[in-house]
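S.K.: Sequence first, predicted coordinates after that:
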Amino acid sequence: MNLLIVNPNISASVTDLIHTEARRTASPDTRITMATASFGVAYIETRFEALVGGYATACAAAEHAGTFDGLIVAAFGDPGLAGLKELFDVPVVGMTEAALASACLLGQRFSIIAISHRIEAWYRECVAANGLTSRLASVRSLQTPLRDIGSVQQDHAARLEALSLEAVREDGADVIIVAGAPLAGLARSLQGSIPVPVVDGVSSAVRHCESLVALQPGTAREGSFARPPQKPNAGLPAALAGLLEASAGSKP
C-alpha cells in the first residue's frame, strides 16, 4: 500500500514531524511518500491561508498522480479536502475528519488543543462542517507567539498539557484532540498524564486511510464527488491541468 502525505504548508521541519509519526503508526508494509507545499505559508492559521494551502496541496498531489493508493492532507482544518476527493479516485483523508472520527469512537464530547488563538474560529467552523458541533466541548489554544513552528512541542509542552487537563476538568471533554501537524506525536507523550484518551491527527489519518484503501469501497462516478467536468482552463501547473483534462470516466 502506497500513501502520499502532503504537508500544505512550506515548513520542512513540520513535514519531518509528520513523517516520523506516520512511520510509527503505519502498518509495516505501508509505503509512505511525503510532499511539502512548494508555496504558501510556514503554518496555516487563517481561512485565507487555508485557501492557499488547499491549492498548494492539489498541486503537490498532482505531481504524484498515479503513484499512490491513498492521499492524506496533513494540516488540521483539511485545506482543499473536498475538492481533492473530487479529483482523485483513491481515498483522500484529512487530519481533521480523521481525528474527529477517532474521537467520536472513543467518547461523547471532545476538546481540541490548538497552537494559536487566531486559529480557533476556523477550527470551530471545521467541526461544524463535519456536523459535530454538539459534541465539541471546547477549543483551547496557546496564547503566546511561537518561536519556531518546528519546536512548538518542546517550547510549550507544559502549557499544552495544562490546556488538555483544563479541557477535561473544566469543559467536560471525554477525549482530547491535539490539533495541527506541528503537534504530531504529542498525543503519545500526553497519554500518561491526561486521564482521558488523546487523539493525534496524523496517526488517525494514516490508520483511517489504510482502512479505506483495504476496504476498496469503489469510486464516485456520479453524485457531488464525481470528477470535475472538462472545461477550458488557463494558468494551471501542467500536472494539475493534465488531471482536469483527463477523461471524466478514468480518474487518476
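M.R.: Thanks, I have the structure now. Since the model is a prediction, treat every value here as computed from it, not as a measurement.
S.K.: got any ranges where the stretch 51-200 of the chain has weak pLDDT?
M.R.: Along the stretch 51-200 of the chain, segments meeting pLDDT under 70 are nowhere present.
S.K.: From the contact counts, what lies against the helix or strand containing Thr57?
M.R.: Following DSSP states H and E, one finds Thr57 within helix 47-63. In this structure, helix 47-63 makes packing contacts with strand 2-7, strand 31-36, helix 81-87, helix 238-245, judged by 3 or more C-beta pairs under 8 Å, 6 or more residues apart in numbering; DSSP states H and E. Every C-beta, even on glycine, is put in place using the N, C-alpha and C of the backbone.
S.K.: Parallel or antiparallel, which strands does the second one pair with?
M.R.: Applying DSSP bridges to the sheet, strand 31-36 is found paired with strand 2-7 (parallel).
S.K.: can you pull the buried residues of the partner strand?
M.R.: Leu3, Leu4, Ile5, Val6, Asn7 (16 or more other C-beta atoms under 10 Å).
S.K.: Make CSV out of those and add pLDDT and distance to Leu163.
M.R.: Below are those laid out as CSV (pLDDT from 0 to 100; distance: C-beta to C-beta, whole Å):
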residue, pLDDT, distance to Leu163
Leu3, 98, 30
Leu4, 98, 32
Ile5, 98, 26
Val6, 98, 28
Asn7, 97, 24
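S.K.: ok, of those residues, which one's closest to Asp78?
M.R.: Distances from Asp78 to the buried residues of strand 2-7, taken as C-beta to C-beta, are shortest for Val6 (11.4 Å).
S.K.: Any idea what the closest one is bridged to?
M.R.: Beta-bridge partners of Val6, counted by DSSP bridges, are Ala35, Val73.
S.K.: what's near enough to touch Val213?
M.R.: The neighbourhood of Val213, defined by C-beta atoms under 8 Å, 6 or more residues apart in numbering, consists of Met1, Leu3, Asp69, Gly70, Val90, Pro91.
S.K.: how many other residues sit next to the residue lying closest to the second one once chain neighbours are set aside?
M.R.: The one in question is Leu3. Once flanking residues are discounted, Leu3 sits nearest to Gly70: 4.8 Å by C-beta to C-beta, 6 or more residues apart in numbering. When neighbours are defined as other C-beta atoms under 10 Å, Gly70 has 24 of them.
S.K.: from what I can see Gly70 touches Val6, true?
M.R.: No: counting by C-beta atoms under 8 Å, Gly70 stays clear of Val6, with 11.6 Å between them.
S.K.: hmm, back to that, could you dump the contacts of Val213 into CSV with distance to Phe76 added?
M.R.: Formatted as CSV, the contacts of Val213 follow (distance: C-beta to C-beta, whole Å):
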residue, distance to Phe76
Met1, 24
Leu3, 18
Asp69, 23
Gly70, 19
Val90, 22
Pro91, 19
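S.K.: Ala129: which of the residues you listed is nearest?
M.R.: Proximity of these to Ala129 (C-beta to C-beta) peaks at Pro91, which lies at 18.8 Å.
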